[in-house]
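> Structure of the sequence below:
(one chain, ligands or ions: 1)
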Amino acid sequence: MTDTLNPATNAAAASAIDRTAAEVVADLTLEEKASLTSGASFWTTKPVERVGLPAIMLTDGPHGVRKQREGSDHLGIGDSVPATCFPPAVALGSSFDPELLERVGAALGEESQAERVGVLLGPGINIKRSPLCGRNFEYLSEDPLVSGVLGSALVRGLQSQGVGASLKHFAANNQEADRMRVSADIDERPLREIYLRGFQRVVEDEQPWTVMCSYNRLNGVYTSEDPWLLTKVLRDEWGFDGLVVSDWGAVNERVTGLAAGLDLEMPSSEGRTDAELVAAVRSGVLDERLLDTAARRNVELVQKAVRGARSSQVERVETYDADAHHALAREVAAASIVLLKNDDAVLPLAAGATGEGTAVAVIGELARTPRYQGAGSSQINPTRLDNALDEIRAHAGAGAEVPFAAGYADDGAISEELTAEAVAAASAADTVLLFLGVPAALESEGFDRDDIELPAAQLALADAVIAANPRTVVVLANGGVVRLSGLADRVPAIVEGWLLGQAGGGAIADVLYGVVNPSGRLAETIPVRLADSPAYLDFPGEHSHVRYGEGLFVGYRWYDARELEVSYPFGHGLSYTAFAYSDASVSADDSGLTVRVTVTNTGDRNGAEVVQVYTSLPGSRVVRAPRELKGFAKVALAAGVSREIVVHVRREDLAYWDTRVDRWVVEGGAYAVEVGASSRDIRATASVEVEGDAVRVPLTMDSSMGEVFAHPVASQLIMQAFAAGGDSATSALIADPSLFKMMESFPVGRLAGFPGGPFGREQVEQLLAAANAQG
Ligand code: BGC
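Take a look at the predicted model:
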């Protein structure tokens, strides 16, 4: 391949890079244009050397640069060059920290530049619909605001380095089962309000260079060939001006896809589908202007990548600081750890002291052999790998003995011998650090989990260890949530360590010893049991269809609406200090809500709090969740310090998707605004009047009596008509509330036809027309 991201090596490149993309396309033959819209190989686009247009490389993504070595396997899953393995999205989501994620994005950009990668395939921001989704470790949250805000931060950071993002998987790729064919059948409101909302935010705020369409179908249509999704929504409504790339192998019918808005097929089809495009243009099936548009977007992408490489500083282009990135990976991992439980301040551990009531024993193979990322296309070959055991020993201090017992084997198997060793170590220690988690083989791209259980062998080990020493701190490693009911109430502390990337071992030790005060918050609910979860009855569907029967009620929206107990709620996470909230207030203006609250660190340690703002609209005319996250802020506060925190809620985030008029609508009314430390730890509530958007739904003969009477003009006209006509039966109907309630749903056209009624059909039609005309 022509290495082109380094312009110095390709002087001819200037000719195609410095002209407008449209000019370049105008010089191309039909065959060249078609060739530009599919890959040359697994990871590269095709150059057109005749006009000096280079190729660029696209590579996974998302939490590291997975650039395959030359000559590696053709399936694209083998060996790759070393790169920093940052924490996967499951951890990043729990950080609730856009600034930190922007730094991660920038670091990924530097590494991409060093490896001559033009587009890094990420972030993945699909909603965690079910805890079973095998790829939940690659996604940020069950909530669209968290996904959108944090996804934006990653894109912003990455693209600041002149490297393109690929926002994926667009859209509704919420399971792995049958992912290449399954149709996600979703009603319009949940589709817009839950599944597309995060994508909309990232596209509108950050203009990712590319969006990757998913494998699945959406409401029956492959996303790779859905003009509604790829053109109407993405471009016409959201203003996307980048390129749509297929997920690898997602193209079903190339010609249909291109016409729908798919600009680049990846990986290479070895020319087969390019020939289909050429034939389709020649036979008049495909308008050549559509091909021109797709070719232009491909040229623009290459131009951006080459310009991005030029604008980066030379040092960055050649190399990056692997130690600094490892340190950043550790900082992010530590900020993502969620302290779920910490009774009697068992944590943090005191460093240095041994044999005086603070000696710890470490149990569990995962402490020595960490699980730090999930399997599949995102698997990074790390530059280094820390493990928690070594790091705990380093924190415990010189001379401190920290005994270790594996407890279970690498493959998860347990034996009497391993258990006996673990029990002996637990009995002799003051505090046990018990590392449990989901084995790698159970969590991967390509398939879903069958349950959310920790392995039975590990639970049996936990029984034995807790019996030997109840002062047991559980440290978890898992890409999707695990059931903790039954275990949580038998241990004093639980540290949710997710999958934390290559520096996760150090981050765990930092949190256990209080070097870092934990500040992660759950970006997904931990249910009491799988059967409580929203999609339980509709996952993963059947016969290639999955019905999103829970509608809008995804994640905490569901648990709250059903008033279900959960093990740990969305937004939850403890600190070694405490925060008090006071003086909450909220005001509204055209841009949205401004929420102010004073937060005080009332403890004796520095720490960070995630202030969460939820809204609801009591008495709303549409179905709504009891509370929805509409804003958040992560704030670092030194011990004893108070600060006023201001969270802005965008007006558009208050909107629901109105299916009558096919657009976002802010309903007017008194919104309840809750400020909390989690979705179930609300510290202050305020109410604010919000002016609604005007929605004019024309009245027809099908409109109900209720709708007619709710219409400001129609109701007046009708009352006037009654007064003039003097029909006593109908006047009585209107005067009697219970009678009216009974007739409220009656279409006005049907009532008009009733024998003896006050109005004829013609009169009603005139009345409705007059009402519609006057607004
Ligand atoms: C995954 C994408 C990934 C692509 C390239 C696909 O199987 O779904 O997330 O970017 O492969 O490896």
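
> mind listing what the residue of the stretch 401-550 of the chain found nearest the ligand touches?
For the stretch 401-550 of the chain, the residue closest to the ligand is Glu445, as judged by Cβ to the nearest ligand atom, at 6.3 Å. The C-beta positions use only the backbone N, C-alpha and C, and glycine is treated the same way. Counting by Cβ atoms under 8 Å, 6 or more residues apart in numbering, Glu445 makes contact with 134-135, 138, 176, 374-378.

> among those, which are within reach of the ligand?
Near the ligand, judged by Cβ under 6 Å from any ligand atom, the entries from the contacts of Glu445 are Ser377.

> Which one of the contacts of Glu445 is nearest to Ser567?
Nearest to Ser567 out of these is Gly134 (Cβ to Cβ; 21.3 Å).

> before we move on, back to that, chain neighbours aside, what residue packs nearest to the residue of the stretch 401-550 of the chain closest to the ligand?
With Cβ to Cβ, 6 or more residues apart in numbering as the criterion, Glu445 has its nearest non-adjacent residue at 2.6 Å, and that residue is Gly376.

> Next: Trp228.
Spatially, and ignoring its direct neighbours in sequence, Trp228 is nearest to Val221 (7.5 Å; Cβ to Cβ, 6+ apart).

> and the one you found, bridged to which residues?
Leu218 (DSSP bridges).

> is it true that Val482 touches Leu454?
Yes. With contacts counted by Cβ atoms under 8 Å, Val482 reaches Leu454, the gap being 5.2 Å.

> Touching both of those two, which residues are there?
437-438.

> what's the neighbour count on Thr231?
17 (other Cβ atoms under 10 Å).

> what does the one 5 residues further on give?
Taking other Cβ under 10 Å as the criterion, the count of residues near Asp236 is 11.

> and it, which of the three is it?
helix (DSSP: H, G, I helix; E, B strand; the rest coil).

> Check the gap between it and the ligand for me.
From Asp236 across to the ligand, the span is 26 Å (Cβ to the nearest ligand atom, to the nearest Å).

> residues in the chain within reach of the ligand, list them.
Counting by Cβ under 6 Å from any ligand atom, the chain sits next to the ligand at 60-61, 76, 121, 168, 247-248, 377.

> Spell out which helix or strand contains Glu176, please.
In the assignment (DSSP states H and E), Glu176 maps to no helix and no strand.

> Quick check: it touching Glu443?
No. Glu176 is beyond contact range of Glu443, at 10.3 Å (criterion: Cβ under 8 Å).

> Looking at the two, which one has more neighbours?
Comparing Glu176 with Glu443 by other Cβ under 10 Å, the one with more neighbours is Glu443, at 26 against 22.

> that older thread, how far away is the residue nearest to Trp228 from the ligand?
19 Å.

> For that residue, give me its contacts.
By Cβ under 8 Å, 6+ apart, Val221 lies in contact with 183, 228-229.

> excluding its backbone neighbours, what's nearest the residue of the stretch 301-450 of the chain found nearest the ligand?
The minimum distance from the stretch 301-450 of the chain to the ligand, using Cβ to the nearest ligand atom, falls at Ser377 (3.4 Å). Of all residues not flanking Ser377 in the chain, Asp60 sits nearest, at 5.0 Å (Cβ to Cβ, 6+ apart).

> and that neighbour, how many residues sit next to it?
25.

> what about the strands in the stretch 651-775 of the chain?
656-658, 663-665, 669-678, 681-690 (DSSP state E, counting those that start in this stretch).

> Distance to Val491, mean neighbour count and mean pLDDT for these - can I get that in a markdown table?
As requested, the strands of the stretch 651-775 of the chain are arranged in a markdown table below (distance: least, Cβ to Cβ, whole Å; neighbours: other Cβ atoms under 10 Å; pLDDT from 0 to 100):
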| stretch | distance to Val491 | mean neighbour count | mean pLDDT |
| --- | --- | --- | --- |
| strand 656-658 | 42 | 20 | 98 |
| strand 663-665 | 46 | 17 | 98 |
| strand 669-678 | 20 | 21 | 98 |
| strand 681-690 | 21 | 15 | 98 |
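
> I'd say Gln200 and Leu229 touch.
No. Using Cβ under 8 Å as the test, Gln200 is too far from Leu229 to be in contact (11.9 Å).
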